[in-house]
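Novice: please work out how this folds:
(one chain, ligands or ions: 1)
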Amino acid sequence: MRNLSETNLTDAVIAAMTQAKDPRFEEVMGSLVKHLHAFIQEVNLTEPEWMAGIQFLTAVGKKCDDKRQEFILLSDTLGATTMKDIINNRRPPGVTEYTILGPFYQPDAPELLLSEDIANGLPGEPVVMKGCVLAPDGSPIPNAKLEVWQSDSSGFYDLQMENMNSSALRGVFHTDVKGGYSFRTIKPAPYPIPHDGPVGQMLTAMGRQPYRPAHIHFMLSAEGYQPVTTELFVAGDPYLDSDAVFGVRESLIVSFVRNESEEDAQQFNVSNPFYTVDYDFVLQPL
Ligand SMILES: [Fe+2]
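Specialist: Okay, the predicted model is just below:
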């Protein structure tokens, strides 16, 4: 371990870990060292650049508190979260794709009956969302659990709203005997990820914008099937091809179809005009 050079330093650092007790930890750290050294060599990292990196990571840490997790934001905006999600959620074609969970999930959302409204009185353009939860062979999955959460028409979640003491725009539904689900809501809006910190400065320096396209989050589970966390994106949204966290999948883009029929509005118990969204989820058997 003396006279280390550009060519043998990486091996020396990896070899120094042979007494590590956890072999997986040794594997992960060894790979990290290998890629970190290769990165430093590839870009010919200068002294000021190394220091700028240290200061950036320090600022990311200082921005974290019990409500704000700037490191997850950093992972999300670098695509690391989505890469981790993709390799851990490989599924056959035709099965509903996984996408990013995001920071606004709440495990204790209210249980609602099918066709109920999750908007809790918040203003917006009414939406009737319906469809089925199916197995890959098209057979219905009764009693599948659908957890739903989304932003309001200004891009804010209930957790971000001042004076909001109850939950809104979130709920838990169970499919009927035919695998069907339905609920009423309002059209979500695009929103920026928190960009008033070091990650926001990084996005600016990268020439990137901080918005996510409008979407509704879902977490689906059913006995005998793999659960899936996903989002449905509003077709036509201006940010579909520049999602700040790289979560958009073609199969998850849905049309919000405008309906101006007074008769239909009365049938669905919404004001006129409104939007309908039809989407079937497909779960992979265990
Ligand atoms: Fe979201």
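
Novice: which of the helices and strands in the chain ranks last by mean pLDDT?
Specialist: helix 262-268 (a mean of 92; mean pLDDT, DSSP states H and E).

Novice: who touches that helix?
Specialist: 115, 128, 184, 259, 271, 272, 273, 274 (Cβ atoms under 8 Å, 6 or more residues apart in numbering). For every residue, glycine as well, the C-beta is placed using N, CA and C.

Novice: pLDDT of the longest helix along the chain, averaged?
Specialist: Criterion DSSP state H: the longest helix present in the chain is helix 23-43. Average pLDDT, helix 23-43: 97.

Novice: who touches it?
Specialist: Counting by Cβ under 8 Å, 6+ apart, 6, 9, 10, 13, 14, 17, 18, 20, 45, 49 sit against helix 23-43.

Novice: sec struct for residue 138, please.
Specialist: When classified by DSSP: H, G, I helix; E, B strand; the rest coil, residue 138 comes out as coil.

Novice: now do it against residue 210, distance only.
Specialist: 40 Å (Cβ to Cβ, to the nearest Å).

Novice: for residue 256, same thing?
Specialist: 23 Å.

Novice: and residue 238, by the same measure?
Specialist: 13 Å.

Novice: which one of the two has more residues nearby?
Specialist: Between residue 238 and residue 210, counting by other Cβ atoms under 10 Å, residue 210 is the more crowded of the two (20 against 11).

Novice: now do the contacts for the more buried one.
Specialist: For residue 210, the contacting residues are 192, 193, 195, 200, 203, 244, by Cβ under 8 Å, 6+ apart.

Novice: the helix or strand hosting residue 199: which residues count as buried?
Specialist: Per DSSP states H and E, residue 199 falls inside helix 198-206. Residues 198, 199, 200, 202, 203 are the ones in helix 198-206 that count as buried (16 or more other Cβ atoms under 10 Å).

Novice: rewinding a little: can you give the strand pairings for the next helix or strand after the least confident helix or strand of the chain, parallel or anti for each?
Specialist: Sequence order places strand 274-278 as the next helix or strand after helix 262-268, per DSSP H and E. Its sheet considered, strand 274-278 pairs with strand 126-134 (parallel), strand 257-259 (antiparallel) by DSSP bridges.

Novice: contact partners of the shortest one?
Specialist: By Cβ under 8 Å, 6+ apart, the list of residues contacting strand 257-259 from outside reads 265, 272, 273, 274, 275, 276, 277.

Novice: quick one: which two of those residues are the most distant?
Specialist: 272 and 277 (16.6 Å; Cβ to Cβ).

Novice: more neighbours, these two?
Specialist: Using other Cβ under 10 Å, the more surrounded residue of residue 272 and residue 277 is residue 277, with 19 against 14.

Novice: for the more buried one, what are its contacts?
Specialist: Residue 277 neighbours (Cβ under 8 Å, 6+ apart): 127, 128, 129, 130, 131, 232, 254, 255, 256, 257.

Novice: distance of the last one from residue 225?
Specialist: Just to be clear, that refers to residue 257. 28 Å.

Novice: looks like residue 117 contacts residue 185 (just checking).
Specialist: Yes - judged on Cβ atoms under 8 Å, residue 117 makes contact with residue 185 at a distance of 6.9 Å.

Novice: who has more neighbours, those two?
Specialist: residue 185 (27 against 19).

Novice: quick one, what contacts that one?
Specialist: Applying Cβ under 8 Å, 6+ apart, the residues contacting residue 185 are 117, 118, 119, 126, 127, 129, 148, 150, 169, 216.

Novice: which of the strands paired with strand 274-278 sits closest to residue 97?
Specialist: With Cβ to Cβ, the closest approach to residue 97 among the strands paired with strand 274-278 belongs to strand 126-134: 14.6 Å.

Novice: how far does the closest one sit from its chain's centre?
Specialist: Taking the mean of its C-alpha atoms, strand 126-134 sits 20 Å from the chain's own mean (Cα atoms, centre = their mean, to the nearest Å).

Novice: equivalent analysis for stretch 88-100, please.
Specialist: On Cα atoms, centre = their mean, the centre of stretch 88-100 falls 13 Å from that of its chain.

Novice: quick check: end-to-end length of that stretch?
Specialist: Start-to-end span of stretch 88-100 (Cα to Cα, to the nearest Å) is 12 Å.

Novice: please apply the same query to stretch 39-48.
Specialist: Start-to-end, stretch 39-48 (Cα to Cα) is 16 Å.
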